[in-house]
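Visitor: next input, structure requested:
(2 chains)
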Number of protein chains: 2
Amino acid sequence: MKLIVQNIAEKFSTFSDLWSPKIIGELYGQHVKLARLKGEFVRHKHELEDELFWVIEGVLKIVLDDHVITLGPGEMVTIPKGVYHQPIAEEEVKVVLFEPISTLNTGDALGSNLTKYKLDRLDD
Amino acid sequence: MKLIVQNIAEKFSTFSDLWSPKIIGELYGQHVKLARLKGEFVRHKHELEDELFWVIEGVLKIVLDDHVITLGPGEMVTIPKGVYHQPIAEEEVKVVLFEPISTLNTGDALGSNLTKYKLDRLDD
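Guide: This next block holds a predicted model:
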């Protein structure tokens, strides 16, 4: 069996589109994704899925209902299912996401034109 | 709801024991763990769990039945369930693990004195 080694920096260098998570790994019902973020995303929640954000580069703000989380490089947080959150990146941010395969990027904010129903894969 | 931001480097600085994964996050049946590795671990497999290794610092070799994977900083691989693997770190390695909550560090190699039945948590 040939297993694929993923180099995070190299994978980030293969795309430049924003708010468009790319799948780089899959395990046990979960996806590992890379995304470049810049600007304000839509406020949303995931009904069923916990979502882990791990910032690789840049500073990511995540606006919750009652406070704001700020993540720098090497920092991570898990947003539990059902919790409204709005990611904001004043400058471009590179982030790793770890979340169930079923997770839709805009969660319950389905009217958004930011919704990505089909994600690119960088692991094949 | 107060969410916990985890700083990876800071969390690594709070422990020094080897081959003893620490839980820093939990989501949807999965744990995020940090571990320091040095030397040769026992060859084992996980019957039910896929296991993701993400090297933060150092060089980790993972010996499989038919080849050897080498991971440097910023590189990750997912070892599928049922695949025998033996991690080897000539110098100390810092690694992040993503894996199901049920994962035992030595998998089926239960006779090993390396088995950790109860893991420390760094997320409370």
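Visitor: what residues does chain A put near chain B?
Guide: Applying CB under 8 Å from any CB of the partner chain, we find that chain A lies next to chain B at A:1-9, A:24-30, A:32, A:49-52, A:64, A:66-67, A:69-71, A:74-81, A:83, A:98-100. In short, each C-beta sits where N, CA and C put it, glycine included.
Visitor: need the strands for chain A, in chain order.
Guide: A:6-7, A:22-27, A:30-40, A:51-57, A:60-63, A:68-71, A:75-79, A:86-100 (DSSP state E).
Visitor: okay, those in TSV with mean pLDDT next?
Guide: Below are those laid out as TSV (pLDDT from 0 to 100):
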stretch	mean pLDDT
strand A:6-7	94
strand A:22-27	92
strand A:30-40	96
strand A:51-57	97
strand A:60-63	98
strand A:68-71	97
strand A:75-79	96
strand A:86-100	97
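Visitor: and the ones you listed as a markdown table, adding mean neighbour count?
Guide: Shown next, in a markdown table, are these (neighbours: other CB atoms under 10 Å in any protein chain shown):
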| stretch | mean neighbour count |
| --- | --- |
| strand A:6-7 | 18 |
| strand A:22-27 | 21 |
| strand A:30-40 | 20 |
| strand A:51-57 | 21 |
| strand A:60-63 | 19 |
| strand A:68-71 | 16 |
| strand A:75-79 | 22 |
| strand A:86-100 | 19 |
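Visitor: next, format the ones you listed as TSV and append distance to B:Ile88.
Guide: Shown next, in TSV, are the strands of chain A (distance: least, CB to CB, whole Å):
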stretch	distance to B:Ile88
strand A:6-7	20
strand A:22-27	22
strand A:30-40	24
strand A:51-57	26
strand A:60-63	35
strand A:68-71	33
strand A:75-79	27
strand A:86-100	25
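Visitor: the ones you listed: which one's closest to B:Val93?
Guide: strand A:6-7 (16.1 Å; CB to CB).
Visitor: what is that closest one packed up against?
Guide: strand B:75-79 (3 or more CB pairs under 8 Å, 6 or more residues apart in numbering or on different chains; DSSP states H and E).
Visitor: helices and strands around the strand it packs on, which ones?
Guide: strand A:6-7, strand A:22-27, strand B:51-57.
Visitor: any idea which of those strands gets closest to A:Asp108?
Guide: Of those, nearest to A:Asp108 by CB to CB is strand A:22-27, at 21.5 Å.
Visitor: distance from the chain centre to the closest one, please.
Guide: 12 Å (CA atoms, centre = their mean, to the nearest Å).
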